[in-house]
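Asker: A structural model of the following input is requested.
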Amino acid sequence: MPFTFSHPAIILPLKKLPKKYISMTGLIVGSITPDFEYFLRMKSKYSHTISGILWYDLPMGIFLAFIFHNLIKEALINNMPLFFKSRFINLRDFNWNSYFKKNWYIVIISIIIGICSHILWDGFTHRTGHFVKIFPVLKSSIRLFGTKIPVYRILQHISTFLGGIAVIKAVIDLPADKSCTTQKGKYKYWILLITATPIIMFYGLSKRIPYYSFWNLIVNFITAFLLSMVLTSFIFREKNINKN
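Answerer: Alright, predicted model coming up:
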């Protein structure tokens, strides 16, 4: 399975379409949504199936979009390093709730497209993927450095790397707002997030992982980091509300 946050790379070309036909939030969220079953349950039974697209992935994608825009977005962008803040500042002021009310069908279609792109990609790069089952060549192995590695696994790592580069390039290429300034006290946000992550991670390791493996540690770390981001953003959001 390619790294979750490389998945948006596959939908980036759709950004060139007229905005009235697509929701970039929907496409991006949809492209990473199927992996959230891993983060929640440490396994995937429904999210990478055709039947799970509508009853599991779509509701999860809508939920994630609302969580990001209403809880995470403002605090995260305000406390980003200036290089990133200047590129995402317009997103901070985007009224998601109003947009969704007027364009809910566009959002839903975009989320579904993103979900399908994820499942399609995984179909070539996962041991149980649909296309791996169809094309035996993907199951065949190539010897590298004295070790036999399945072709689908090689594709997984190569596509993760290339996808990651594409996502990073897309961020760098975003237009920067030259009037953007650095948030005072931004280090408090990151200190809290970084402190909370290992606490949540070790709690998760003690409660829900029957055995330790590199994969389980990575999944649990990502889960802990995302939960820490939600918690930290909520705390900073409440502080701003109280100030105002």
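
Asker: in the helix or strand harbouring residue 149, which residues are buried?
Answerer: Residue 149 belongs to strand 147-150 when elements are defined using DSSP states H and E. Neighbour-count burial for strand 147-150 flags residue 150 (criterion: 16 or more other C-beta atoms under 10 Å). Heads up, the C-betas are built off the backbone N, CA and C, glycines and all.

Asker: my read is that residue 200 contacts residue 228, right?
Answerer: Yes - with contacts counted by C-beta atoms under 8 Å, residue 200 reaches residue 228, the gap being 5.9 Å.

Asker: where along this protein do the strands fall?
Answerer: For the chain, applying DSSP state E gives strands covering 141-144, 147-150.

Asker: so what touches the first one?
Answerer: Same thing as strand 141-144. When contacts are defined by C-beta atoms under 8 Å, 6 or more residues apart in numbering, strand 141-144 is touched by residues 148-151, 154.

Asker: dump these to a markdown table, plus pLDDT.
Answerer: Formatted as a markdown table, these follow (pLDDT from 0 to 100):
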| residue | pLDDT |
| --- | --- |
| 148 | 91 |
| 149 | 93 |
| 150 | 94 |
| 151 | 95 |
| 154 | 94 |
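
Asker: got the strands of the chain as TSV, with distance to residue 25 columns?
Answerer: Listed next are the strands of the chain as TSV, based on distance: least, C-beta to C-beta, whole Å:
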stretch	distance to residue 25
strand 141-144	39
strand 147-150	35
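
Asker: quick one: closest of those strands to residue 52.
Answerer: Set against residue 52 and scored by C-beta to C-beta, the strands of the chain come closest in strand 147-150, at 24.9 Å.

Asker: what pairs with that closest one, and is each one parallel or antiparallel?
Answerer: In the sheet, strand 147-150 lines up against strand 141-144 (antiparallel) (DSSP bridges).

Asker: could you pull up the mean pLDDT of the partner strand?
Answerer: Mean per-residue pLDDT for strand 141-144: 89.

Asker: tell me the buried residues in it?
Answerer: In strand 141-144, counting by 16+ other C-beta under 10 Å, buried: nothing.

Asker: same check on stretch 103-122?
Answerer: 103, 106-119, 121-122.

Asker: swap in stretch 154-166?
Answerer: Applying 16+ other C-beta under 10 Å to stretch 154-166 flags 155-156, 159-160, 163-164, 166 as buried.

Asker: can you list those residues in JSON lines and add pLDDT?
Answerer: Output for the buried residues of stretch 154-166, formatted as JSON lines (pLDDT from 0 to 100):
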{"residue": "155", "pLDDT": "95"}
{"residue": "156", "pLDDT": "95"}
{"residue": "159", "pLDDT": "96"}
{"residue": "160", "pLDDT": "95"}
{"residue": "163", "pLDDT": "97"}
{"residue": "164", "pLDDT": "96"}
{"residue": "166", "pLDDT": "98"}
